[in-house]
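let's see this in three dimensions:
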Amino acid sequence: PEPPPPGMVPSCAEGGVLGVLCASIGSIQVNEAIKLLAGIGEPLVGRLMIYDALEMQYRQVKVRKDPDCAVCGENPTVTELIDYEAFCGVVSEEAQAAAAGSTITPKQLKEWIDDGENIEIIDVRELNEYEIVSIPGAKLIPKNEFLMGTALEALPQEKKIVLHCKTGVRSAEVLAVLKSAGFSDAVHVGGGVIGWVNQIEPSKPIY
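Numbering: from 1, shown residues only. This next block holds a predicted model:
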């Protein structure tokens, strides 16, 4: 009933989502929707289907209705959906405060690189994302390492830290961590690597 705080929603890369499982379960969900719309067959109402892809087995568990359920109980308190697309793209208040005045564009980053500015570009995405596309010279340190505090010791004190992720959400969260740790001049790239590809290197792939 209560969604997690903005900025704490992990991306598919961070959460560990196996694409083929999404396709398998998604196909079953579509089939269930067709049965409900057409009024045919026996839908999975009151039953939970569990799919074990490793053993290639399906099993079912009967689920009893909770009379106190916030959605379908006798006195529901959740009666409409929130805008999850907008919600998941929102960063925390701490990240917004950190990014204010400390956000640069991909074009600014390109100018700094060309001018030989004393910067350290940090990519806070996951390894599989980094292998698809990256900004030249960027060093990979996943966001979680900053949240745990293990990455801070490896950052150079004599260089300006420039963070980036896919679109700018994760890097803003990490920026808040760096600001609180004393890296007051750190910045992040608005639009992330997607913005870099669109504006600087359009020949590179986008995922």
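
ok, residue 158 touching residue 183?
No - the pair residue 158 / residue 183 is not scored as a contact, 11.8 Å apart, by CB atoms under 8 Å. From N, CA and C alone the C-beta is placed, and that goes for glycine too.

who has more neighbours, these two?
Legend: neighbour count by other CB atoms under 10 Å for residue 158 and residue 183, higher for residue 183 (17 against 6).

give me the phi and psi for that one.
Main-chain dihedrals, residue 183, degrees, to the nearest 10: phi -90, psi 70.

which of the helices or strands spans the closest residue to it other than its chain neighbours?
In space, and not counting its chain neighbours, residue 183 is closest to residue 161: 5.6 Å by CB to CB, 6 or more residues apart in numbering. Following DSSP states H and E, one finds residue 161 within strand 160-164.

give me the neighbour count for residue 38.
8.

before we move on, what about residue 69?
Per other CB under 10 Å, the neighbour tally for residue 69 reads 14.

and the pLDDT at the closest residue to it other than its chain neighbours?
Leaving aside its chain neighbours, residue 69 sits nearest to residue 76 (7.2 Å; criterion: CB to CB, 6+ apart). For residue 76, the pLDDT comes out at 90.

ok, residue 176 - how many residues close by?
Residues near residue 176, counting by other CB under 10 Å: 23.

give me the residues contacting the strand or helix carrying it.
Per DSSP H and E: residue 176 is located in helix 169-180. Outside helix 169-180, the residues that touch it by CB atoms under 8 Å, 6 or more residues apart in numbering are 7, 11, 89, 91-92, 94-99, 102-103, 122, 124-125, 143, 146-147, 152, 155, 161, 163-165, 186-189, 192.

quick one: which of those residues sit in helices?
Of the positions in these, 94, 95, 96, 97, 98, 99, 143, 146, 147, 192 sit in helices, assigned by DSSP state H.

list the contacts for the fourth one?
Contact criterion CB under 8 Å, 6+ apart gives residue 176 as the residues in contact with residue 97.

what is the burial count for residue 106?
22.

correct me, but it touches residue 189?
Yes - applying CB under 8 Å, one finds residue 106 in contact with residue 189, separated by 6.0 Å.

does the residue with the largest distance to the centre of the chain belong to a helix, a strand or coil?
The C-alpha centroid of the chain is most remote from residue 40, which lies 38.0 Å away (CA atoms, centre = their mean). Put simply, residue 40 is coil when judged by DSSP: H, G, I helix; E, B strand; the rest coil.

next, it: phi, psi?
Dihedral pair for residue 40: phi -130, psi 160, per degrees, to the nearest 10.

cool, residue 49 as well?
Torsion angles, degrees, to the nearest 10, at residue 49: phi -90, psi 130.

if I pick it, what's in contact with it?
Residues counted as contacts of residue 49 (CB under 8 Å, 6+ apart) are 28, 58, 59, 60.

distance check, it against residue 31.
Residue 49 sits 11 Å away from residue 31, going by CB to CB, to the nearest Å.

of the contacts of helix 169-180, grab the buried ones for PyMOL.
Buried members of the contacts of helix 169-180, defined by 16 or more other CB atoms under 10 Å, are picked up in PyMOL with:
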select buried, resi 7+11+91+92+94+95+98+99+102+103+122+124+125+143+146+155+161+163+164+165+186+187+188+189+192
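
cheers, nothing more for now.
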